[in-house]
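Novice: starting from these lines, generate the structure:
(2 chains)
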Amino acid sequence: MNQSTIPQNLRSGAMSADLVKDGQRAVPAPLGHALVDAARQDERIVGLSADLAKYTDLHIFRDAMPERFYQIGMAEQALLGAATGLAMDGYVPFASTYSVFATRRAYDFLLLDIAEANLNVNLVCALPGLTTGYGPSHAATDDLAILRGAPNLTIVDPCDAIDIQQAVPQLAASDGPTYLRLLRGKVPAVLDEYGYTFELGRAKLLRDGADVLFVSSGLMTERVLEAAKELERDGIGVAVLHAPTIKPFDEEALVAQLGKGRLVLTAENHSVVGGLFDTVARTVASRGLGERVTSIGLPDAFLEAGALPTLEDRYGVSVRAIGETVRGML
Amino acid sequence: MTSSPTPLDPERILRIREAAHRIRQYALIQAEVQGQGYIGQALDIADVLAVLYTDQLHLDPLEPDSEDRDRFQLSIGHYALALYAALTEAKFLPVEELQTYASDDSRLPMSSMRTYTPGVEISGGSLGHGLGIANGVAMGLKRKGSDRFVYNLLSDGELGEGSTWEAAAVAAHHELDNLIAIVDFNDQQADGKSTQMLSMEPVTDKFEAFGWIVRRCDGHDVEALLCHLIELRETEDPRPRVLIVDTTLGKGVDFLEAREKLHFMKVDQEEWSVAHEKLAESHQVLMQESGR
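Specialist: Residues are numbered from 1 along each chain as shown, chains lettered A, B, ... in the order given. Reported below is the predicted structural model:
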């Protein structure tokens, strides 16, 4: 490489295990611990992974309950096949891999074996949207677009450790198949400050405000809450409706917040094609509400590799970029 | 690898042959309703299904979902009419219902699906899925301490799917000795002969290399089929088991056996009654050879 092409002030694009910021409250491996707790209550729960237990926090379950864990190896189609068979026999499998592998490589198995048969298989899949700097091979910017067309499938995009901890027993208890966009490692704890509890299928208003309504899911809810605090200092009132269940979508909670003359934006850690924005837009259009909705999300493009903070700014999904978008529209 | 089967009670063999004949008749009845279909495959697998459904599988048609049952999983969903014929022979379905095959609102769709038909364990059709699902069921049976078996019927064409080999590796690694796969080697796929398109031979060597117990035999030799299936079930060995069966498309109806080999066979209206006659003739010859 020519010396002159090396940029200054390099930031690492290496796989970061944690999403937590300095000084932020966090919970280690919330999925793993919640699954162990749930499995102590529910004998039907088993765990499986395709060579990514350690990177999906399922190693916590594996180490606590080794007799209830299956290592399938690097074989995602076989992972979903085994989970299907176990569910057919009355077990409640939690199967983990990265989102890109479950949705792109093994989609036929997810759709026909699990969703069509409406089996209680729970897929917990890491690296949703832009949570890795590895680029398109690892970043699932299209998983919601792929999965929203799968009948019977419940899709959950959690914001933080609170969402994950509370979702796990509800996913196990719900009869059909589920897909969780997993946040792993040390995961921020945010939503308990808002008197919030996770309810499968429900969207909840975390804060109210007169000027702006955010409808958000996943880790973008944390960012819009941060942005809301900053905007409030400038006298801009911001409401945040957190919609962690993408499908089935809580249309009533959304509709109750529309028609109030506010700037409406969706915020999602996913391509602007086929995810939360499309879900919200579908509701607005089908009900004839005529509300303008602006989408904040990842571009309809293959993401570049790099350091997450750089990319978050570049693609307009950082706290700062969200604030700028709102100010630019008011 | 082939072992020489031990002689079995001739009455048992005859009973299975009679059942295989009825399964072929039931398959013809269904295919005639549509005037076409996967009749070649149904006729080729009838002997295997007769051994399974009338001798080997522990099933109760009055309790199709009983915990204490063997699981027979048809990975190749397009063999549905063969499965419905076997389920009719095993009293899961009434004979009259065969007339509804692949018609609107029928419980017997063209490709077999778990949600439609009593006794159908999995939804087949998208090939390369069955063996992976069988792994999970075998794991579940072991967790429960059940001594029941999972049988998975797949095709030679399905060996081209990488997922079949993922599943084969997983079965061996997890020592699923309660899993018996059966590969219908009829050397026929949608575009032609399997061995001329993407040959997976030597199939026995491949499965052995993957850590399976492998047997291979003539898929129309009822005695050999029975001996191998008994042996594969009773052998004390941690490995999963596979029986590869060499079969003839259209078996039992001479003009279909001789016809240009097609994945999806078309039969003219006037040929159906001839097909029934030819089937009866070939069955009679078989019985005479057996001294009946």
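Novice: which residues in the stretch 151-292 of chain B form strands?
Specialist: For the stretch 151-292 of chain B, the strands defined by DSSP state E, counting those that start in this stretch occupy B:179-185, B:213-218, B:241-246, B:265-266.
Novice: tell me what angle the longest one forms with strand B:213-218.
Specialist: I take that to be strand B:179-185. Counting by axes from the mean of the first three to the mean of the last three CA atoms, to 10 degrees, strand B:179-185 lies at 40 degrees to strand B:213-218.
Novice: the third one too?
Specialist: Angle between the axes of strand B:241-246 and strand B:213-218 is 20 degrees (criterion: the same axes, to 10 degrees).
Novice: can you tell me which helices and strands strand B:241-246 packs against?
Specialist: Applying 3 or more CB pairs under 8 Å, 6 or more residues apart in numbering or on different chains; DSSP states H and E, we find strand B:241-246 packed against strand B:179-185, helix B:203-209, strand B:213-218, helix B:222-234. C-beta here means a position set from N, CA and C on the backbone, and glycine is covered the same way.
Novice: how about the first one?
Specialist: Strand B:179-185 is packed against helix B:39-51, helix B:130-143, strand B:150-155, helix B:222-234, strand B:241-246, with contacts defined by 3+ CB pairs under 8 Å, 6+ apart.
Novice: switch to 7 Å and redo it
Specialist: Under the contact criterion of 3 or more CB pairs under 7 Å, 6 or more residues apart in numbering or on different chains; DSSP states H and E, strand B:179-185 touches helix B:39-51, helix B:130-143, strand B:150-155, strand B:241-246.
Novice: now B:His58: closest residue in space, sequence neighbours ignored.
Specialist: B:Asp70 (4.7 Å; CB to CB, 6 or more residues apart in numbering or on different chains).
Novice: what's the neighbour count on the one you found?
Specialist: Applying other CB atoms under 10 Å in any protein chain shown, we find 20 residues neighbouring B:Asp70.
Novice: just A:Pro128 next, same as before
Specialist: With other CB under 10 Å as criterion, A:Pro128 counts 28.
Novice: with A:Gly235 instead?
Specialist: 7.
Novice: that one: what's it in contact with?
Specialist: By CB atoms under 7 Å, 6 or more residues apart in numbering or on different chains, A:Gly235 lies in contact with nothing.
Novice: any idea which of the strands of the stretch 151-292 of chain B is most buried?
Specialist: For the strands of the stretch 151-292 of chain B, average neighbour numbers computed from mean count of other CB atoms under 10 Å in any protein chain shown are highest in strand B:179-185, which has a mean of 27.
Novice: that strand vs helix B:222-234, what angle?
Specialist: Per the same axes, to 10 degrees, the angle that strand B:179-185 makes with helix B:222-234 is 150 degrees.
Novice: list the pairing partners of strand B:179-185 within its sheet, with orientation.
Specialist: strand B:150-155 (parallel), strand B:241-246 (parallel) (DSSP bridges).
Novice: if we can go back for a sec, figure out which of the helices and strands packed on strand B:179-185 is closest to A:Asp142.
Specialist: Of all the helices and strands packed on strand B:179-185, helix B:130-143 sits nearest to A:Asp142, with 24.1 Å by CB to CB.
Novice: just checking, what packs against the closest one?
Specialist: helix A:76-88, strand B:71-74, strand B:150-155, helix B:162-173, strand B:179-185.
Novice: direction included, what does the second one pair against?
Specialist: Right, the one you point to is strand B:71-74. Paired neighbours of strand B:71-74 in the sheet (DSSP bridges): strand B:150-155 (parallel).
Novice: fine, thanks again, bye for now.
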